[in-house]
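# I'll drop the sequence and a predicted model, then ask my questions.
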Amino acid sequence: MPDTGFVDGKKKWPKVLTFDTSGPFVSVGWSTESYSGGTVHDMARGQAEALFPLLETQLAAFRWTWEDVDVIGVAVGPGNFTGIRIGVSAARGLGLALGLPVFAINQFELVHGHSPLPAGTLISVPAPRDMSFVQGADMGGALISEGGRLIDPADPPADLQLSGGMEVVGHRATEIASHFEATGFDETYAPDPGRMAEMAEFKYLDATAFPPRPAPQYVKAPDAAPARDPGPAILA
């Protein structure tokens with residue numbers, strides 16, 4: 001429901017429900033009246049089957065119903081291709097069915113939070129096969145809109161240098177920084193459902209209208225290759 005205005009231009013303090021299935025886990029977060037929290041369930045597969053039962057469990061813990069929820073937040077990547085699709089599809093469906101705003105949150109935002117970054121900062125989050133997803137901040141401290149890159153932290157591309165005083169923050173940051181005139185600050189990445197819910201809350205409070213429906217943020221193409229055989233003919 002993009003560009004839908006809030007009723008009478010007013011917003012109440014929201015009850016927020018968020019989820020992240022972009023990795024080998026299901027993370028469910030909540031936020032209300034400056035309090036937040038959530039749970040993380042590690043699982044290599046089965047996120048599609050586990051997501052809604054876990055959401056229902058979280059709602060029941062607070063004696064909320066779906067009618068009580070004001071805001072949905074969903075992780076849009078980068079991460080596992082199938083996991084991102086599961087989360088984004090579920091969030092779009094809930095937003096449409098319940099008439100709720102759905103805010104997209106990417107993994108780089110979860111690392112640096114709601115505040116602007118120092119110009120020239122490069123954020124790194126873990127990617128499959130010992131790789132990293134990275135994204136930089138522009139001179140205004142906002143994330144560069146190109147959507148990130150997939151790199152090998154042990155052999156990063158030369159054009160990754162953002163500035164002479166670049167700082168690298170996050171997954172294997174010191175290792176990445178060692179290849180440039182940069183300083184690295186290693187941070188262990190882990191899903192943080194409470195932080196994600198707070199971010200969705202901030203986005204809601206800043207918004208003047210419903211955001212566009214969330215879209216997956218893929219940094220690389222899916223591992224699955226298209227079928228070589230032609231598809232069946234579609235009859236009119």
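Arrived safely. Numbers count the residues shown, from 1 in each chain.

# can we go C-alpha only for contacts and neighbour counts from here?
Fine.

# Domain ranges for this structure, per the record?
Domain ranges of the chain: 7-109+190-206, 116-186, per automatic domain parsing.

# Kindly reformat those domains as JSON lines containing distance to residue 214.
Below are these laid out as JSON lines (distance: least, C-alpha to C-alpha, whole Å):
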{"stretch": "domain 7-109+190-206", "distance to residue 214": "5"}
{"stretch": "domain 116-186", "distance to residue 214": "14"}
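
# least reliable of those going by mean pLDDT?
Here the lowest mean pLDDT among the domains of the chain goes to domain 116-186, at a mean of 85.

# which stretch among the domains of the chain comes nearest residue 218?
domain 7-109+190-206 (5.4 Å; C-alpha to C-alpha).

# Figure out how far that closest one is from the centre of its chain.
Centroid separation for domain 7-109+190-206 versus its chain: 10 Å, with C-alpha atoms, centre = their mean, to the nearest Å.

# Can you give me the neighbour number for the nearest residue to residue 25 once chain neighbours are set aside?
Using C-alpha to C-alpha, 6 or more residues apart in numbering and skipping the chain neighbours, the partner closest in space to residue 25 is residue 42 (4.1 Å). If you count neighbours by other C-alpha atoms under 10 Å, residue 42 ends up with 12.

# pretty sure residue 42 is touching residue 28, no?
No: look at residue 42 against residue 28 with C-alpha atoms under 8 Å: they stay out of range, at 11.6 Å.

# Break down this protein into its helices, ranges please.
47-61, 81-98, 107-112, 173-177, 193-206 (DSSP state H).

# hmm, who's touching the shortest one?
The set of residues that contact helix 173-177 without belonging to it, under C-alpha atoms under 8 Å, 6 or more residues apart in numbering, is 124, 153, 154, 155, 156, 167, 168, 183, 184, 185, 186, 187.

# Turn the helices of the chain into TSV, columns for distance to residue 35.
Shown next, in TSV, are the helices of the chain (distance: least, C-alpha to C-alpha, whole Å):
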stretch	distance to residue 35
helix 47-61	14
helix 81-98	22
helix 107-112	17
helix 173-177	31
helix 193-206	8
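
# Kindly reformat those helices as TSV containing distance to residue 74 and mean neighbour count.
Output for the helices of the chain, formatted as TSV (distance: least, C-alpha to C-alpha, whole Å; neighbours: other C-alpha atoms under 10 Å):
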stretch	distance to residue 74	mean neighbour count
helix 47-61	12	15
helix 81-98	6	19
helix 107-112	11	20
helix 173-177	26	22
helix 193-206	8	22
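
# Identify the residues contacting residue 86.
Residues near residue 86 by C-alpha under 8 Å, 6+ apart: 21, 47, 48.

# Alright, I will stop here.
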